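Colleague: Here you go, sequence then predicted model.
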Amino acid sequence: MLIENLLKAKRTGHAPAADELNRVESLHASIRKQLEKFGVIEGRDKLPEKTIAIFITEYVTTRTKVKPATKEIWRQGEKSLLSFFTADRLIPDVSPGDADEYLEYLRGTKLAPMTVRKRLQFAKMVFRAATRKKLIPTDPFSDVSFIASKPDKSFFVTPEMIAKVIAACPDHHWRMIVILSRYGGLRCPSEVLSLKWEDINWAEGKIVVPSPKTEHHPGKESRIIPLFPELLAQLRECFEVGAVYVIGGQYRQAAMGPFGWRNCNLNVRLRRIVKNAGLTVWPKIFHNLRSSRQTELAEVFPSHVVCAWLGNSEDVAKKHYYQVTDAHFAAASGQATTAPEASPTPAPKVDALIDAGLAHFLTQQAAAPTSTEQHELPQGIAPTGTYAATCDSLPEPATCPNGWGGI
């Protein structure tokens, strides 16, 4: 019936119906070539033919704004495509049926469901681009989809846990990495390793956080966060006159390779530190530090403010960051001695928290001997007077289970 309709359309000079053209595209390449040979359908000699391997190379090369880490993930998708279709397979010879078989091939591997979904997404991206380049009339992957169930890997890292991790860190650089991730909410490694000393405004209590992940979006190349009190002491310890980056040395040098931030390999090292602290390694080890901080801050500050500090949207925060903690259950059941900001007491202002933290920090520094040879007080922080008057505003420990005002 299909061939009869195609011959009839050819005799009358009319174009075949859209559904018939789609059926032709789904035919195996050998059958389609026979139809072209006998003049039933038009040949593809007018379309430039490229192999899958060549087109992927050209496509990836032209995507100059894509991060090296993303291209490394694409490389895995390329390997799967070429493993199934072979490198010399022509783009026009891939039919919708072949696309269905590719999905089944991925399902038959030992890949995790989310990995299968990402490999399929890469294939869809490649063939959609080939369609827009007019290499093929229709996209064979347009109707192929895969829904992967994503397991819940959220884990709230408590202040008590992170204190043990900080104590187990081998040096002040690693303590700074952990603290910036947990209490600053910075993405690691990209934002942590991009932070410069000049980004810290000691006088105003603010930090400008460079954001390599979102810099390609207008106005998203950086964001401003408060200089949280939990960050002050460690920033003071790490401060070095003449240094450019807060975290420098081997960690940043590793990120200069062809695969970018993935070369740093900080995840493996942090897992080792967590184990040395006597704790069980939690999933998504750096993401859950950031997620824990956003959950804490949301107990004190409005959601849109917290999202502006963390650099994500409220929808993303609800889906991937906000957590339900044991403290919430304990507070709701009346079994908690301290609740996570469940009282009607108004949230303290950010400036008050910063002033309180600076006062507490400077009071400790005045009482303890310091070495001016290795660390000088950062410019903009007065040694006396300016912040000392705010010592009375320090929150009481009994009412602040999570640190400064519950954050």
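Modeller: In hand now; what should we look at? These numbers were taken from a predicted model, which means no experiment stands behind them.
Colleague: For the top helix by length along the chain, C-alpha coordinates in CSV please.
Modeller: If you go by DSSP state H, the chain has its longest helix at helix 113-132. Output in CSV follows, covering the C-alpha atoms of helix 113-132 (Å, rounded to 0.1, in the frame of the first residue of the first chain):
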residue,chain,number,x,y,z
PRO,A,113,19.3,4.6,34.6
MET,A,114,20.4,8.2,34.8
THR,A,115,23.5,7.4,32.7
VAL,A,116,21.3,5.8,30.1
ARG,A,117,19.1,8.9,30.0
LYS,A,118,22.2,11.2,29.5
ARG,A,119,23.6,9.0,26.7
LEU,A,120,20.3,9.1,25.0
GLN,A,121,20.1,12.9,25.4
PHE,A,122,23.5,13.2,23.7
ALA,A,123,22.3,11.1,20.7
LYS,A,124,19.1,13.2,20.5
MET,A,125,21.2,16.4,20.6
VAL,A,126,23.5,15.2,17.8
PHE,A,127,20.8,14.1,15.4
ARG,A,128,18.7,17.2,16.1
ALA,A,129,21.8,19.2,15.1
ALA,A,130,22.2,17.1,12.0
THR,A,131,18.5,17.8,11.1
ARG,A,132,19.1,21.6,11.5
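Colleague: mind checking how far the very next helix or strand once past it is from the chain centre?
Modeller: Counting by DSSP states H and E, the element after helix 113-132 in chain order, helix or strand, is helix 159-168. Averaging C-alpha positions (Cα atoms, centre = their mean, to the nearest Å) puts helix 159-168 24 Å from its chain's average.
Colleague: Please point out which parts of the following helix or strand past helix 159-168 sit buried.
Modeller: As assigned by DSSP H and E, the chain's next helix or strand after helix 159-168 is helix 172-182. Neighbour counts over helix 172-182 (16 or more other Cβ atoms under 10 Å) mark 173, 174, 175, 176, 177, 178, 179, 180, 181, 182 as buried. Backbone N, C-alpha and C define where each C-beta goes, glycine included.
Colleague: Could you find which two of these are furthest from each other?
Modeller: 173 and 182 (15.1 Å; Cβ to Cβ).
Colleague: name the helices or strands packed onto the longest helix of the chain?
Modeller: Using 3 or more Cβ pairs under 8 Å, 6 or more residues apart in numbering; DSSP states H and E, the elements in contact with helix 113-132 are helix 52-62, helix 68-85, helix 96-107.
Colleague: Using pLDDT, spot the least trustworthy of the buried residues of helix 172-182.
Modeller: The member of the buried residues of helix 172-182 with the lowest pLDDT is residue 173, and it reads 88.
Colleague: Look up the closest residue to that residue, ignoring the ones flanking it.
Modeller: residue 247 (5.6 Å; Cβ to Cβ, 6 or more residues apart in numbering).
Colleague: can you pull the contacts of residue 298?
Modeller: Listed by Cβ atoms under 8 Å, 6 or more residues apart in numbering, the contact set of residue 298 reads 306, 317, 322.
Colleague: From those, pick the one nearest residue 153.
Modeller: Once Cβ to Cβ is applied, the member of those that ends up nearest residue 153 is residue 322, at 14.2 Å.
Colleague: On the three-state scheme, the closest one is what?
Modeller: Assigned by DSSP: H, G, I helix; E, B strand; the rest coil, the conformation of residue 322 is coil.
Colleague: Over to residue 207?
Modeller: Assigned with three-state DSSP, residue 207 falls in the strand class.
Colleague: thinking it is in contact with residue 184, fair?
Modeller: Yes - applying Cβ atoms under 8 Å as the test, residue 207 and residue 184 come out as touching, 7.2 Å apart.
Colleague: what touches both of these two?
Modeller: 225, 231.
Colleague: out of those two, which sits in the more crowded spot?
Modeller: Comparing residue 207 with residue 184 by other Cβ atoms under 10 Å, the one with more neighbours is residue 184, at 27 against 24.
Colleague: Phi, psi for that one please.
Modeller: In this entry, residue 184 is assigned phi and psi values of phi -100, psi -20 (degrees, to the nearest 10).
Colleague: now it: how far from residue 176?
Modeller: 10 Å (Cβ to Cβ, to the nearest Å).
Colleague: Pull the contacting residues for residue 145.
Modeller: Per Cβ under 8 Å, 6+ apart, neighbours of residue 145: residue 120.
Colleague: Look up how far residue 67 lies from it.
Modeller: 26 Å.
Colleague: ok, now residue 301?
Modeller: With Cβ to Cβ as the criterion, residue 301 and residue 67 are 30 Å apart.
Colleague: cool, and residue 73?
Modeller: For residue 73, the distance to residue 67 - Cβ to Cβ - is 10 Å.
Colleague: now do residue 213
Modeller: Distance from residue 213 to residue 67, by Cβ to Cβ: 8 Å.
Colleague: who touches both of those two?
Modeller: By Cβ under 8 Å, 6+ apart, no residue touches both residue 213 and residue 67.
Colleague: buried ones in stretch 206-224?
Modeller: So stretch 206-224, judged by 16+ other Cβ under 10 Å, has buried residues 206, 207, 209, 210, 211, 212, 213, 214, 215, 222, 223.
Colleague: The one helix or strand the last one maps to pairs with which strands, parallel or anti?
Modeller: Remark: residue 223 resides in strand 222-226, with elements defined by DSSP H and E. For strand 222-226, the paired strands and their directions (DSSP bridges) read strand 206-210 (antiparallel).
Colleague: Could you check the pLDDT of residue 389?
Modeller: Note for residue 389: predicted pLDDT of 31.
Colleague: sorry, that was for residue 256
Modeller: 62.
Colleague: go on, residue 212?
Modeller: The model's pLDDT for residue 212 equals 87.
Colleague: do the same with residue 71
Modeller: For residue 71, the predicted pLDDT is 85.
Colleague: Burial check on it, number of neighbours?
Modeller: If we define neighbours as other Cβ under 10 Å, then residue 71 has 16 of them.
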